[in-house]
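Trainee: My questions concern the predicted model and sequence given below.
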Amino acid sequence: MNQADESILAILADGNGFVSGEDICVRLDMSRAAVWKHVKALRAMGYGIDSSPGRGYRLLTAPDTPFPCEVRKFLTTECLGRRVEYSAEVDSTNLQMGVRARSGAEEGMLLVADSQTSGRGRLARKWYSPPGVNLYFSLLLRPGASPADVPQLALVAGLALCQAVEHCCPGILTAIKWPNDVFVNGRKLSGILCDMQAEADLVHHVVIGVGVNVNAAPDSFPAELTRKATSLFAETGRHIRRARLMAAFLNEFEPLYGTWLTSGLATHLSALEARSFQLGTQVTVATGRGRIVGKAVGIGPGGGLLLDCGQGSVREIVCGDVLTN
Ligand code: BTN
């Protein structure tokens, strides 16, 4: 969507009913033919625009696509998401954001795609990314923090996502599966992938990549995911506007990120523990050095999972994957 498309949309959205073609031409210094060309382009993007000879144009409906102008309608942040780039299809929003970050893009930039051809998950897994239904986005951060603390941002993002989902779908109960998944009713709703470029003690940039199953139909998941994954539509039977959820995430994340920058993870620990659904249960964690079995008893000050391994030994696992018992 280009600037002229956005300007025409803004005029139509402000107008109460029909806006004359003449009025749009004057306000945008554009010919009638050019206005008509943009209206056709907007219709092709899914906007319902009525046209009537003598009366002009009227905006009837907006598509459920996270176009930047749709996200901005709901955005209350100061920095995060103030610059948004949308693509109908990318290989991976995290990969593309990495390219922009290395060319100097600023903190807060958001890249959102309607679909991904090579969506990436943790541990070299793939992220199922069909078009038209879900959210796939990457947010660029440049925190003045120690590289060792950066993985905590996945937990903070998970917390923000839980709050955003509960804001957009009142009544739904979300849970965090350490370290970076959001679950609803025991199934995975969202995954978070944090990529970082850093030196020993200097973070150049962090890319927070989030995939959320929003309006995917329950029977649309590939066979290997049907019993493991869920979507907001599958849980509530309601369609959620992706742009609204996108903005809600940024609105929730910005203050949590601000507190993390100034005070670290400590202020978020109780909220994280309250949402961690594994706490109190026996779990097996796959780590780089093998499997560890224990009772999950909390989130440590550094963001690791606290495991009670018996005989008074509580270990903090900083990196690993909790296997489903
Ligand atoms: C996981 O659960 O393993 C993490 C999944 C993260 C998927 C998101 S979708 C947007 C962003 N771009 C990617 O390629 N991956 C992340």
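Mentor: That came in fine, so what should we check first?
Trainee: Report the contact partners of the residue nearest the centre of the chain.
Mentor: Against the mean C-alpha coordinate of the chain, by CA atoms, centre = their mean, the closest residue is V210 at 4.4 Å. For V210, the contacting residues are 135-139, 157, 161, 190-193, 249, by CB atoms under 8 Å, 6 or more residues apart in numbering. Quick note: C-beta positions are derived from backbone N, CA and C, even for glycine.
Trainee: V203: which element?
Mentor: Using DSSP states H and E, V203 sits within strand 202-212.
Trainee: these two touch, right, T284 and A296?
Mentor: No: counting by CB atoms under 8 Å, T284 stays clear of A296, with 10.4 Å between them.
Trainee: In the stretch 1-150 of the chain, what residue comes closest to the ligand?
Mentor: Distances between the stretch 1-150 of the chain and the ligand by CB to the nearest ligand atom are smallest at G121, namely 2.8 Å.
Trainee: Could you tell me the phi and psi values at the closest residue to that residue other than its chain neighbours?
Mentor: Nearest residue to G121, sequence neighbours excluded (CB to CB, 6 or more residues apart in numbering): W127, at 4.6 Å. Here is the backbone geometry of W127 (degrees, to the nearest 10): phi -110, psi 120.
Trainee: picking that back up, residues shared between the contacts of T284 and A296?
Mentor: With CB under 8 Å, 6+ apart as the test, T284 and A296 both reach V322.
Trainee: Comparing the two, which shows the higher neighbour count?
Mentor: A296 (21 against 15; other CB atoms under 10 Å).
Trainee: what about the more buried one, distance to A223?
Mentor: A296 is 30 Å from A223, where distance means CB to CB, to the nearest Å.
Trainee: which stretches of the chain have low pLDDT?
Mentor: 324-325 (pLDDT under 70).
Trainee: quick one, what contacts the residue of the stretch 1-150 of the chain closest to the ligand?
Mentor: Here G121 is in contact with 127, 191, 193, 211 (CB under 8 Å, 6+ apart).
Trainee: How about the third one: which residues does it bridge to?
Mentor: Okay, so that is L193. G209 (DSSP bridges).
Trainee: Mind naming the longest helix for this structure?
Mentor: Secondary structure of the chain per DSSP state H: the longest helix is helix 242-263.
Trainee: doesn't V150 make contact with I208?
Mentor: No: checked against CB under 8 Å, the pair I208 and V150 is beyond contact range at 9.9 Å.
Trainee: how about the helices in this protein?
Mentor: Going by DSSP H, the chain shows helices at 3-14, 21-28, 32-44, 68-72, 93-102, 152-168, 232-236, 242-263, 269-275.
Trainee: got the CA positions of the longest one in PDB?
Mentor: To tie it back to what came earlier, the one meant is helix 242-263. What follows is helix 242-263, C-alpha atoms only, in PDB (Å, rounded to 0.1, in the frame of the first residue of the first chain):
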ATOM      1  CA  ARG A 242      -5.200  -9.400  13.300                       C
ATOM      2  CA  ALA A 243      -4.300  -5.700  13.200                       C
ATOM      3  CA  ARG A 244      -5.900  -5.200  16.600                       C
ATOM      4  CA  LEU A 245      -4.000  -8.100  18.200                       C
ATOM      5  CA  MET A 246      -0.800  -6.900  16.600                       C
ATOM      6  CA  ALA A 247      -1.200  -3.400  18.100                       C
ATOM      7  CA  ALA A 248      -2.300  -4.900  21.400                       C
ATOM      8  CA  PHE A 249       0.900  -6.800  21.600                       C
ATOM      9  CA  LEU A 250       3.000  -3.700  21.100                       C
ATOM     10  CA  ASN A 251       0.900  -1.700  23.500                       C
ATOM     11  CA  GLU A 252       1.400  -4.300  26.200                       C
ATOM     12  CA  PHE A 253       5.100  -5.000  25.400                       C
ATOM     13  CA  GLU A 254       6.300  -1.400  25.400                       C
ATOM     14  CA  PRO A 255       5.900  -0.700  29.100                       C
ATOM     15  CA  LEU A 256       7.000  -4.200  30.100                       C
ATOM     16  CA  TYR A 257      10.200  -3.700  28.000                       C
ATOM     17  CA  GLY A 258      10.700  -0.300  29.600                       C
ATOM     18  CA  THR A 259      10.600  -1.800  33.100                       C
ATOM     19  CA  TRP A 260      12.900  -4.600  32.000                       C
ATOM     20  CA  LEU A 261      15.400  -2.100  30.700                       C
ATOM     21  CA  THR A 262      15.500  -0.100  34.000                       C
ATOM     22  CA  SER A 263      14.900  -2.800  36.600                       C
END
